[in-house]
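Student: Build me a model:
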Amino acid sequence: MRILLTNDDGIHAEGLQALEKIAHALTDDVWVCAPETEQSGVGRALSLSAPMRVRRIEPRRFAVAGTPTDCVMLAVQDLMDGRPDLILSGVNRGHNIAEDVSMSGTVAGAIQGMALGIPAIAMSQSLRAFHDSERALFDTAATHGPGIIERLTELGWPKDVIININFPNLPADQVSEVEVTRQGFRDVSNMHAERRTDLRGRDYYWMGFHNETSRPADGTDIKAVYEGRISVTPLHIDLTHHDTVHQMKGLLGGAIPKVKAG
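Tutor: Prediction:
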């Protein structure tokens, strides 16, 4: 089995080292193509207005001046010696659950693999708080990841689906359960923009996170991670709200509506 690895934390990220341990537990045919610098929060961004430089670090290992999506595209279409059988993205420093998945570069790397017809899995390691002083327990992902991935590849999943795995913020020996979950939604906002003023009196902003705990529903990715279980969530990118489609079909359609006078 040939596996391609990518991430959004960059080529030097500790989580990528954990991902390489996971991949090498499954095969010797491992390729790495990751961003030259951190690309957290870029989602499915493409580098459309600037050239992408590729640095070949060693055989089967590349750094790209671009996004996770760029990395997967370049690796599959040009850099690799043949297509991969599986794409693994991560292991992200910090979980990618709930609304996070729509902006996550880690998840986007997996989605690009899916778009190219390759099974793909995103993996993230939860943190207590998103702060530089917090050390992610990547050994948890490295310990439990290979067995879960092997089982998933045995089972298979639909071609228009990726698998999103989140490991809880616990030592490996304290994690004993896996739960297949659905994407949850937080009941509190965890992001904010803080306004500051520079030395010339001009305002600027830093994006940050509130470390507030949600009250998630049972069966969600959030609840599983909060309670110390590994969350495995099948995701797809069909954003259509089908109930509203059915409701609107009887109210809007056919002739184009005209503006009502007055």
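
Student: in stretch 132-141, what's buried?
Tutor: For stretch 132-141, a neighbour-count test (16 or more other Cβ atoms under 10 Å) marks Ala136, Leu137, Phe138, Thr140, Ala141 as buried. Every C-beta, even on glycine, is put in place using the N, C-alpha and C of the backbone.

Student: Now do the helices in the stretch 151-262 of the chain.
Tutor: Taking DSSP state H, counting those that start in this stretch, the helices of the stretch 151-262 of the chain run over residues 221-226, 242-249.

Student: for the ones you listed, which one ends up most surrounded?
Tutor: Among these, the stretch with the highest mean neighbour count (mean count of other Cβ atoms under 10 Å) is helix 221-226, at a mean of 24.

Student: Convert that helix to PDB, retaining C-alpha atoms only.
Tutor: Output of helix 221-226 as PDB, limited to C-alpha atoms (Å, rounded to 0.1, in the frame of the first residue of the first chain):
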ATOM      1  CA  ASP A 221     -17.600  14.300  17.800                       C
ATOM      2  CA  ILE A 222     -17.400  16.900  20.500                       C
ATOM      3  CA  LYS A 223     -19.000  14.700  23.200                       C
ATOM      4  CA  ALA A 224     -16.800  11.800  22.300                       C
ATOM      5  CA  VAL A 225     -13.600  13.800  22.600                       C
ATOM      6  CA  TYR A 226     -14.700  15.600  25.800                       C
END
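
Student: So for that helix, mean pLDDT?
Tutor: For helix 221-226, mean pLDDT is 96.

Student: returning to that earlier point: show me which of the buried residues of stretch 132-141 is closest to Val107.
Tutor: Ala141 (15.4 Å; Cβ to Cβ).

Student: If I follow the layout properly, the closest one ends up in contact with Asn92?
Tutor: No. In this structure, Ala141 is not within contact of Asn92 by Cβ atoms under 8 Å, at 9.4 Å.

Student: Find residues that contact each of those two.
Tutor: Common contact partners of Ala141 and Asn92 (Cβ atoms under 8 Å, 6 or more residues apart in numbering): Gly15, Met123, Gln125.

Student: Now, those that are in helices?
Tutor: In this view, the shared contacts of Ala141 and Asn92 that belong to helices under DSSP state H are Gly15.

Student: Name the nearest of the shared contacts of Ala141 and Asn92 relative to Thr69.
Tutor: Checking the shared contacts of Ala141 and Asn92 against Thr69 with Cβ to Cβ, the nearest one is Met123 at 17.0 Å.

Student: Assign the residue lying closest to the closest one once chain neighbours are set aside to helix, strand or coil.
Tutor: Leaving aside its chain neighbours, Met123 sits nearest to Gly90 (3.6 Å; criterion: Cβ to Cβ, 6 or more residues apart in numbering). Reduced to three states with DSSP: H, G, I helix; E, B strand; the rest coil, the structure at Gly90 is strand.

Student: tell me the contacts of Gly90?
Tutor: Applying Cβ under 8 Å, 6+ apart, the residues near Gly90 are Asn7, Gly15, Leu16, Leu19, Thr106, Ala122, Met123, Ser124, Gln125, Ala141.

Student: helix or strand for the fourth one, which one?
Tutor: Following DSSP states H and E, one finds Leu19 within helix 14-24.

Student: Kindly export that helix (C-alpha atoms) in CSV.
Tutor: What follows is helix 14-24 as a C-alpha-only set of coordinates in CSV (Å, rounded to 0.1, in the frame of the first residue of the first chain):
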residue,chain,number,x,y,z
GLU,A,14,5.6,17.4,15.5
GLY,A,15,2.3,16.0,14.4
LEU,A,16,3.7,15.1,11.0
GLN,A,17,6.3,13.0,12.8
ALA,A,18,3.5,11.2,14.6
LEU,A,19,1.7,10.7,11.3
GLU,A,20,4.9,9.1,9.8
LYS,A,21,5.0,6.6,12.6
ILE,A,22,1.4,5.7,11.9
ALA,A,23,2.0,5.3,8.2
HIS,A,24,5.2,3.2,8.6
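
Student: Give me the sheet partners of the very next helix or strand once past it and which way each runs.
Tutor: Using DSSP H and E, the helix or strand that follows helix 14-24 in sequence is strand 29-35. Using DSSP bridges, the strands paired with strand 29-35 are strand 2-6 (parallel), strand 61-64 (parallel).
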